[in-house]
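> Need a 3D model of the following:
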Amino acid sequence: MSSTDVKGSGACVFVPYEEDTPEFRERVKAAETNVDDYKKRVKKIADRAKNVQKASASLVDSMGSLVDELMQLSMLDAVYKPGNDPFSKGVADLVAVLNTVNTLQQNWQNTIGATLVQPLEDLGKTGFKKYEDSKKAYRKAISKHESAFSKLLSVKEATTAEDKLEMQKTADSAVVALQSGTLDHLEAINELDSKKLMVVLDRLRAFTDVTAQLFVAGSEALVTVKPTLRDIQTKVIERRRVLNSEDRDLFVAARAQVNTAKREQAMATHELEMELRAAQPMTELEREELNIVPGPLSPFAREKVGWIYKKAGKRMITKWDKRFAILRNGIFRLYRTLQSDVSEPSTELNVMVANVKPLPEQSSSRPNVFQMVGVERTYYLQAEDEEQMNEWLNVIQNATAYALATAESAASSSAKANSVHPLKEDLLGVDELEKALFALWDTPGNETCCDCFAPRPQWVSINLGCLICIECSGHHRNLGVHISKVRSFRLDDWDATVMAYLQNMGNVRVNSVYEADQARVVRYRPKDETNALMREAYIKKKYEQRFLVARADDPDAEAPNSDRAGLLLFNAAVRGDPVAILLELARGADINWVSLESSSYTPLHASVSHGHIHASTCLVLNTADTNKADLYGKTPLHIAAAANRGELLRLLLKNDADPKVTDVQGMTPLDHANLAGAEETAAFLTRLEAPYQYEFIPGGSGQGYDQPFRPQPLARVDDPLPPPPVAASTSRTDRTMSDNSIASLQIKNQAAGKRQRPRSIALQSNVDVIPADDGTAGTVKLRRNLPSLPPPSLKPKPKASP
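This is a model prediction of the structure:
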C-alpha cells in the first residue's frame, strides 16, 4: 500500500503512510514525541482548571461569609439607630449588590466543571488509550520484522529448502504485521490530532464563552444597581466633607485651646512676678519689661517691647549683645541694660526712614536674624525665636506705614477740607480694618486658609472673595490677575464696598464653587501641606484649570462664551447671586455677554439696574467692562446715576467708569441724575467734577484695585504751594514721579535732616506755579478751558548753561 492510497481517503492526515524506511520511522517518532507532549499539556491544563474551580468555590464561600457578616452589621446598627439610618441602608444596598455578584460567581464555578475540567480529565484518561495500545503493537511489529529478516539474511547453505520456505513465510508475515501495526498507529495519532480541534478547542471556546457571559451578566446587574452606588458615593463624599470641616474645626479649636492655656500660664507667671517685684524699687525700663503682656500681638500692632540681640564689632571679630528694645511712636530704641536712662538709648532710629527685612538663613550662621537699613548704617538684629522675629518685622512695617501715612496727612492738612477726593472717602481706617479682619476670622470657614489648613490668613483674593495664607498667596499671584487678584490686609488700602463683598462671600461659599467635586478634591488635595510643588499644582487645578468645579447638566452651559452660559450668567446677575456668578464664570461664561432681548444689557447692566451691590462688585472685580453701552448708549454708570444708587455709582467710578460718557441723546450720567431727581448721585457727580480734574483715559487708566486710585485736586488761588520736590541726580535720565512719591521722599528727607532747594513745579496740566525771586511761596495761575492732556509728569529742571 502506498502513501497515495491513504491520502485518498479524504481524512485530515497528520502523518501519512509511506514505505517503511528509516526516514519514515523518524517522522513517526517525531509524531509520537508531539503526542506525548500534548498528553502532558492536557493533563496540566486539566489540573489548573480544577484549581481555578476550587479557588472559585473558596471565593464564593468567603464572599458568602462576608455578605452574611455585612448583613448582620446592617441589622445591628439598625437596632441601635431606629429609623432610616443612612449607614444601615447603605450597607444593606451594598449587601444586595455583593450577593448578586456572588451568585453569578457561583454559577460560573458550577459551569466551569462541566465545560472544561471534566472533558479534559476524560480525554486524559481514555482519549490516549488507543494511542498507547497502537504504540505498543507498532513497537512489537517492528521487533518481529527485524528478527525475521535477520534470520532470513543469516541462513546457512546447509539449511534445507523446507526451512528456507518456512523462514520466508515468517518474514512475509512480519512484513504484513508491521504494515498493519503501522497503519493502526498512524490512525491513532491522526485521531488525537483531530481531537485537538473537536474536543480541546471546543471546550476552551465553551469556557471562554461562559466567562464572558459572567462579565456580561455582572455588567447588566451593575447597571441596575448603579444609581444605588452613585447615591452611596454621594453620601460618603458629603460625609467626608463634613468630617474634613469638623476636623478643621477641631484642629483650630485645639490650637486655640493650647494657645489659650499657654497664655493663661504666662499671664499667671507674669502676675506673680509683678506682685513680687511691685514692692521693690524699679527703673522705668524695668517697669516697661514688667508690663510686657504675654501672647501674640495684633497683626496691626505698631508698638512692641522686648529683648533682642544686636550685632556689634567689626567684620572679622563680631559679637551679639543683648539689648532691651522699645518701639513706640515710630521710634526704635535699644538700651544696654534695664538700669539705663530711658532718655539715653544706645541706639535710636526713626522707622519712617528705615527698611526692615529678614536675613536669609544662608547669609547668617544664626537663626531668626533680620536687618534694619537706616539712613547712615544697617543694623543686624536677632530675635529669640521665629515667632518673635515675625512680630518684630510686622510691628516695624506697621509703624513705618503708619508714620508715612500720618506724615503725608499732616503735610496736606493745610489744604481745604474738600481736597480729599470723593472716591477715597470709602477707604477703611486702621482700626476699622482690624475690626473687619477679626469679624472675618469669626465667620465659619474663614479662620483657616481657603486652600490649606493655615490658621488666620491675612491675604485675600478679592475677585474670588476668599481668604488665603501668605504661602498660597504667592501661588495665586503666579496665576495672574485675570484669575486671582491678591491683596494684603496689612499692606494695601481697603475699600468698604470690597470688604462688604468679602464678608458676603467667604471661604465656604467660594469652595462650594471651586471644590464642588469632592471626589476629585480628596484625590488631588496635597497630603503634605508643606510641599510647595504639590500645593501649587493643586491651586492650578482648582482655579486655573477649574478641575474641581461641578459639571453642568447642559453641555452647552460649559462651552466657552456660549449663549447658554451667558444667559445663565445674566440670570444670576438679575437675581444678585454672586456665588452663581462665580460658578458661571468658572464654567467659561463671557462676563460681557449681551442680552439682545433686554436692550443689549450686559450682566453688569442687569445687576446695577436691580441694585445688587455684591453681584456688581463680583462682576467688576472679575474685569467686567464698566463702560460698555446698551442699545441706547447707556453704560452701567448712567443706570446707577438715574436710580440714585450712590454705592454702585462709586463702585463703578473706582473701576474706570467714565463720568463724561454720553448716550445716544448726548446725556451724561450727571444729566440723567438731574433729570431723574436723584439727589445723592447728582451731588456726588457734581462734587467729583469740581474742584477736581477727573479725566477718563480710554483703554483703562490702571486706576482700579490693581493700582490704587490717587487723583490730585486742582490747585486754587488761595491754596498754599506744596513742598518743593527732591532734585534729581544729573547722572540719570529724566524720570516721571507721582506727587505721592515726591511727598513720601520729601517726608523721609525731612526726617533725615536733609534740606532741599525750592524748585518750580507744575502740579497739574492746567496749573502754573510761579515762585518768587526770593524763593518764597509765589502765586498760582489757573489755565482755563484747556483740552484734555495726558497725566502730568515731574521732571528735574535742566541745568542752566554757564
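> Where do the helices of the stretch 201-350 of the chain begin and end?
Ranges of helices within the stretch 201-350 of the chain are 201-278, 284-290, based on DSSP state H, counting those that start in this stretch.
> tell me the domain boundaries of this structure?
For the chain, automatic domain parsing gives the domain ranges 22-226, 287-411, 416-550, 713-724+735-802.
> and among those domains, the most buried is which?
Of all the domains of the chain, domain 416-550 has the most neighbours on average by mean count of other C-beta atoms under 10 Å, namely a mean of 18. Any C-beta I mention is one placed from the backbone N, CA and C, and that applies to glycine too.
> Please state the offset of that domain from the chain centre?
Averaged C-alpha coordinates place domain 416-550 at 13 Å from its chain's average position (C-alpha atoms, centre = their mean, to the nearest Å).
> Just the C-alphas of stretch 450-470, formatted as CSV.
Included here for stretch 450-470 are C-alpha records, laid out as CSV according to Å, rounded to 0.1, in the frame of the first residue of the first chain:
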residue,chain,number,x,y,z
CYS,A,450,-9.2,78.6,51.7
ASP,A,451,-6.7,76.2,50.1
CYS,A,452,-4.9,74.7,53.1
PHE,A,453,-5.3,74.5,56.9
ALA,A,454,-3.1,77.5,57.7
PRO,A,455,-4.7,79.5,60.6
ARG,A,456,-5.7,83.2,60.5
PRO,A,457,-5.0,84.0,56.8
GLN,A,458,-4.1,87.7,56.2
TRP,A,459,-4.2,87.7,52.4
VAL,A,460,-7.2,87.8,50.1
SER,A,461,-8.2,87.1,46.6
ILE,A,462,-10.6,90.0,46.2
ASN,A,463,-12.2,88.9,42.9
LEU,A,464,-12.9,85.4,44.2
GLY,A,465,-13.8,86.5,47.7
CYS,A,466,-11.7,84.1,49.8
LEU,A,467,-9.0,84.4,52.5
ILE,A,468,-5.6,82.7,51.9
CYS,A,469,-2.3,82.4,53.7
ILE,A,470,0.9,84.0,52.6
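> so for that stretch, what's the average pLDDT?
Along stretch 450-470, the predicted local confidence has a mean pLDDT of 90.
> low-scoring stretches of the stretch 651-800 of the chain, by residue?
Within the stretch 651-800 of the chain, the ranges that satisfy pLDDT under 70 run 690-800.
> swap that for the stretch 201-350 of the chain, please
Across the stretch 201-350 of the chain, the stretches falling below the confidence threshold (pLDDT under 70) are 241, 243-249, 251-252, 255-256, 259, 262-263, 266-282, 290-291, 293-296, 314-317.
> try the stretch 351-500 of the chain
Low-confidence segments of the stretch 351-500 of the chain (pLDDT under 70): 362, 405-422.
> just the strands in it please.
Under the criterion DSSP state E, counting those that start in this stretch, the stretch 351-500 of the chain carries strands at the ranges 355-358, 369-373, 378-382, 459-461, 466-468, 486-488.
> Would you mind stating the distance between N394 and K322?
Per C-beta to C-beta, to the nearest Å, N394 is found 22 Å from K322.
> Also T530?
T530 sits 33 Å away from K322 when distances are taken as C-beta to C-beta.
> who are the neighbours in contact with the nearest residue to H476 once chain neighbours are set aside?
Closest residue in space to H476, ignoring its immediate chain neighbours: S484 at 4.2 Å, by C-beta to C-beta, 6 or more residues apart in numbering. In this structure, S484 makes contact with S461, N463, L464, H476, R477, Y543, judged by C-beta atoms under 8 Å, 6 or more residues apart in numbering.
> Pipe the residues you listed into a markdown table and attach distance to L222 per row.
Rendered in a markdown table, the data for the contacts of S484 read as follows (distance: C-beta to C-beta, whole Å):
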| residue | distance to L222 |
| --- | --- |
| S461 | 42 |
| N463 | 44 |
| L464 | 40 |
| H476 | 42 |
| R477 | 47 |
| Y543 | 36 |
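> just those now: which is nearest D209?
Distances from D209 to the contacts of S484, taken as C-beta to C-beta, are shortest for Y543 (51.5 Å).
> The closest one against N511, yeah?
No: Y543 is beyond contact range of N511, at 11.4 Å (criterion: C-beta atoms under 8 Å).
> what do those two both touch?
Both Y543 and N511 lack any common contact, where contact means C-beta under 8 Å, 6+ apart.
> Check which helices and strands the helix or strand that contains E132 is in contact with.
Using DSSP states H and E, E132 maps to helix 129-153. If you count contacts as 3 or more C-beta pairs under 8 Å, 6 or more residues apart in numbering; DSSP states H and E, helix 129-153 packs onto helix 22-80, helix 161-195.
> CA atoms only for stretch 125-132 - export them in CSV, please.
Extracted in CSV, the C-alpha atoms of stretch 125-132 (Å, rounded to 0.1, in the frame of the first residue of the first chain):
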residue,chain,number,x,y,z
LYS,A,125,-7.9,9.1,31.0
THR,A,126,-9.5,7.4,27.9
GLY,A,127,-8.6,9.5,24.9
PHE,A,128,-5.0,8.3,24.8
LYS,A,129,-5.6,4.6,25.5
LYS,A,130,-5.9,3.7,21.8
TYR,A,131,-2.7,5.6,21.0
GLU,A,132,-0.8,3.8,23.8
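> So that it lines up with my notes, have the first residue be 15 from now on.
Sure, I'll start counting at 15 from here, so that last one is stretch 139-146.
> So for that stretch, mean pLDDT?
Mean per-residue pLDDT for stretch 139-146: 77.
> now stretch 170-178: mean pLDDT?
Per-residue scores along stretch 170-178 average to 75.
> Not counting it itself, show me its contacts.
Here stretch 170-178 makes contact (C-beta under 8 Å, 6+ apart) with V169, M181.
> ends of it, how far apart?
With C-alpha to C-alpha, to the nearest Å as the measure, the ends of stretch 170-178 fall 9 Å from one another.
> what's the spacing between that stretch and its chain's center?
For stretch 170-178, the separation from the chain centroid amounts to 109 Å (computed by C-alpha atoms, centre = their mean).
> same check, this time on stretch 387-403
Relative to where its chain is centred, stretch 387-403 has its mean C-alpha point 35 Å off (C-alpha atoms, centre = their mean).
> Contact partners for the residue lying closest to D639 once chain neighbours are set aside?
Closest residue in space to D639, ignoring its immediate chain neighbours: N606 at 5.0 Å, by C-beta to C-beta, 6+ apart. By C-beta under 8 Å, 6+ apart, N606 lies in contact with T616, P617, L618, A638, D639, K642.
> Which of the three states applies to the fifth one?
Looking back up the chat, that one is D639. Of the three states, D639 takes coil according to DSSP: H, G, I helix; E, B strand; the rest coil.
> Could you check how far A573 is from K555?
21 Å.
> Please enumerate the helices of the stretch 415-564 of the chain.
Listed from the start of the chain, the stretch 415-564 of the chain has helices (DSSP H, counting those that start in this stretch) covering 444-456, 484-493, 510-518, 521-528, 532-538, 546-553.
> Keeping just the C-alphas, turn the first one into CSV.
Provided in CSV are the C-alpha atoms of helix 444-456 (Å, rounded to 0.1, in the frame of the first residue of the first chain):
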residue,chain,number,x,y,z
VAL,A,444,-6.6,101.1,60.5
ASP,A,445,-9.0,100.5,63.4
GLU,A,446,-11.9,99.7,61.1
LEU,A,447,-9.8,97.3,59.1
GLU,A,448,-8.6,95.5,62.2
LYS,A,449,-12.3,95.1,63.3
ALA,A,450,-13.3,93.9,59.9
LEU,A,451,-10.4,91.3,59.8
PHE,A,452,-11.4,89.8,63.2
ALA,A,453,-15.0,89.7,62.1
LEU,A,454,-14.0,87.8,59.0
TRP,A,455,-12.0,85.3,61.1
ASP,A,456,-15.0,84.7,63.3
